[in-house]
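> coordinates only, no sequence provided:
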């Protein structure tokens, strides 16, 4: 971009011709600019894969009556730049089916060479954290399609495909889940151009 400060300009320099790589327009151009617009990123989000709430006393097993604890973050929220925020949301599933892996090399917690891609490959998720099966041919994942998303994932209400597809900021609402997913939203300060940062996030659970 080429900044222009009208108050300090001593002569007209013309507009910008995109067909000429941004060169100045001709002096007799019958168009002029009314203003300029600069875009900034206010909110950005990151969605995790699905993690199993493993039973530490039984490797490869998950707890039946899981009780979750809120996420611990580093840096802490009070250490973030002024005017920035980090919001953490969660959702849980009662079961996630196993699918053959694309290359045959991925394994689940019991070393079985079959795995649901939503547990190991974040590229199978769309912008909302919803899982889709591998697409056929080029093209982006669908923005959202409740009939095709999250196949093989059973929600806490027993419905296949996460029918409510809702996130919650109260992790206690997913107690009992055998699998959980995390969404982190980063809210920047658009006045100071500062953004929050996150180097570590941990979720604890017990029974």
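Nice, I can see it. Remember, predicted model here, so these are calculated numbers, not experimental data. Numbers count the residues shown, from 1 in each chain.
> parallel or antiparallel, list what pairs with the host helix or strand of residue 201.
Assignment of secondary structure by DSSP states H and E places residue 201 within strand 200-206. Here strand 200-206 is paired, per DSSP bridges, with strand 67-74 (antiparallel).
> list the buried ones in the partner strand?
Within strand 67-74, the residues that count as buried by 16 or more other C-beta atoms under 10 Å are 68, 71, 73. Placement of C-beta: from N, CA and C, glycine included.
> tell me how far the last one lies from residue 146.
Think residue 73. 31 Å (C-beta to C-beta, to the nearest Å).
> could you do residue 9 as well?
Distance from residue 9 to residue 146, by C-beta to C-beta: 54 Å.
> tell me which of those two has more neighbours.
Between residue 9 and residue 146, counted using other C-beta atoms under 10 Å, the more crowded position is residue 146 (12 against 9).
> kindly confirm my reading that that one is in a strand.
No. Counting by DSSP: H, G, I helix; E, B strand; the rest coil, residue 146 is not found in a strand; it is coil.
> need the per-residue pLDDT for it.
The predicted local distance difference test score for residue 146 is 73.
> from residue 166, how far out is it?
12 Å.
> cool, and residue 126?
16 Å.
> of those two, who's got more company?
Ranked by neighbour count (other C-beta under 10 Å), residue 126 and residue 166 place residue 126 first, with 16 against 10.
> the more buried one contacts residue 148, correct?
No. The criterion here is C-beta atoms under 8 Å, and residue 126 misses it with residue 148 at 10.1 Å.
> please name the nearest non-neighbouring residue to residue 200.
residue 74 (4.2 Å; C-beta to C-beta, 6 or more residues apart in numbering).
> who's in contact with the one you found?
198-201 (C-beta atoms under 8 Å, 6 or more residues apart in numbering).
> quick check, nearest of these to residue 96?
Residue 96 has its nearest neighbour among these in residue 201, at 20.8 Å by C-beta to C-beta.
> so what sits opposite the closest one in the bridge?
Beta-bridge partners, per DSSP bridges, of residue 201: residue 73.
> my guess is it contacts residue 182. True?
Yes. Counting by C-beta under 8 Å, residue 201 touches residue 182, with 7.0 Å between them.
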